[in-house]
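Visitor: Pasted the sequence and its predicted model underneath.
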Amino acid sequence: MTTDRRPQTAVSRPSSAVIEIADLTGIATLQDSGRRGFNKFGVPTSGAMDWYAYQAANSLLTNPPNSAVIELGLGEITLHALRNTVIAVTGAGYEVENYIWTFPLWTSFYVRAGWTVRVKKTSGGNWAYIAIAGGFNSPIIMNSRSTYLRGGIGSALKAGDVLHSFTPTTELLKLAARNHTPLIPYSQTPILDVIPAPQAGWFTPEGIRTFYESEYTLSLSFDRMGYRLQGKPIEKAITQELISEGMTMGSIQIPADSQPIVMMADAPTTGGYPKIASVTRISLPLLAQCEAGVSRVCFREVTVEEAQEKYRTICRAGL
């Protein structure tokens, strides 16, 4: 399971209108694997909140690894097919209705022109990923099709929008009725692997114990930029301000209220709060799918080598 990091250029493959958004609640945007190489200019990476579900959705349809998908968060969407196609939906906390049938997540299914597809919110997650055979065609901005709403890069999808897709390279009937069993153990009580951060020494031994031995819930104040957690305060040994420095998705900041904030896909490129640890790449999808006020998370320290081996294991297993 690899992600295409090559710079994107104008694509010459033909595309055509494939679906219209008939109804939408929540937040829906087009996302790919992210906008890389522009952090030094203050532009976040963005991309999918749950990178694993994103890649699985494209894999089910044999799309190029960096193809754009619809990321649906905290709401529902109704799609009207304008031509025959195949759709795959992954993620957590949703179910799919296609014409008169109901499908589970992590599957692909054939959609005839004129049919309606509904992705409905249930429980147990936040984000769904809707991939189309061939991949969605949208403008490339700074080598990516990812939407970054705060920066005005792209825009949120809305009812009435007509989306185009590239011509699939595989016969549609061969793409339908596929399924994928997630290799990541999605849960509403996940144990998140973390690597100690540069400012781990800014916290007292009691603060470090609190961080690793306590449960935290996701605050209602969360979005694609960061997840605020609530639980036992984490005590600092050094209370002076930190000069802002580089930051990435997964960084865990401890601000003045002593409650953790985990940076997510639209994380700012710099930050001035001390960081106690960083969530590993394998654990980020688990956190992304936690429900506010419901999920309980714990942290477990691992080494860089352990985190890398877990990632390699998933990559070797493939999608």
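Guide: Sure, I can see it.
Visitor: can you give me the strands in the stretch 51-200 of the chain?
Guide: For the stretch 51-200 of the chain, the strands defined by DSSP state E, counting those that start in this stretch cover 69-73, 77-81, 85-91, 94-98, 101-103, 107-111, 116-121, 127-132, 136-137, 162-166, 191-196.
Visitor: Among these, which comes closest to residue 218?
Guide: Of all the strands of the stretch 51-200 of the chain, it is strand 191-196 that lies closest to residue 218, at 11.8 Å by C-beta to C-beta. All C-beta atoms are positioned from the backbone trio N, CA, C, and that covers glycine.
Visitor: would you put the C-alpha positions of that closest one in PDB?
Guide: Provided in PDB are the C-alpha atoms of strand 191-196 (Å, rounded to 0.1, in the frame of the first residue of the first chain):
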ATOM      1  CA  ILE A 191      -5.000   2.700  22.200                       C
ATOM      2  CA  LEU A 192      -3.000   5.200  20.100                       C
ATOM      3  CA  ASP A 193       0.700   4.700  19.500                       C
ATOM      4  CA  VAL A 194       2.700   7.800  20.100                       C
ATOM      5  CA  ILE A 195       6.400   8.800  19.800                       C
ATOM      6  CA  PRO A 196       7.700  11.200  22.400                       C
END
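Visitor: Show the contacting residues for the closest residue to residue 132 other than its chain neighbours.
Guide: Closest residue in space to residue 132, ignoring its immediate chain neighbours: residue 165 at 4.6 Å, by C-beta to C-beta, 6 or more residues apart in numbering. Listed by C-beta atoms under 8 Å, 6 or more residues apart in numbering, the contact set of residue 165 reads 15-16, 18-19, 85, 132-137.
Visitor: what comes up buried for the helix or strand residue 23 falls within?
Guide: If you go by DSSP states H and E, residue 23 is part of strand 15-24. Judged by neighbour count using 16 or more other C-beta atoms under 10 Å, the buried positions of strand 15-24 are 15, 18-19, 21, 24.
Visitor: between those residues, which is closest to residue 306?
Guide: The nearest member of the buried residues of strand 15-24 to residue 306, counting by C-beta to C-beta, is residue 24 at 40.8 Å.
Visitor: follow-up on the earlier one: same list, the strands of the stretch 51-200 of the chain, but as JSON lines with mean pLDDT and distance to residue 314 please.
Guide: Output for those, formatted as JSON lines (pLDDT from 0 to 100; distance: least, C-beta to C-beta, whole Å):
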{"stretch": "strand 69-73", "mean pLDDT": "98", "distance to residue 314": "19"}
{"stretch": "strand 77-81", "mean pLDDT": "98", "distance to residue 314": "28"}
{"stretch": "strand 85-91", "mean pLDDT": "98", "distance to residue 314": "15"}
{"stretch": "strand 94-98", "mean pLDDT": "96", "distance to residue 314": "22"}
{"stretch": "strand 101-103", "mean pLDDT": "92", "distance to residue 314": "25"}
{"stretch": "strand 107-111", "mean pLDDT": "97", "distance to residue 314": "20"}
{"stretch": "strand 116-121", "mean pLDDT": "97", "distance to residue 314": "25"}
{"stretch": "strand 127-132", "mean pLDDT": "98", "distance to residue 314": "17"}
{"stretch": "strand 136-137", "mean pLDDT": "97", "distance to residue 314": "25"}
{"stretch": "strand 162-166", "mean pLDDT": "97", "distance to residue 314": "27"}
{"stretch": "strand 191-196", "mean pLDDT": "98", "distance to residue 314": "13"}
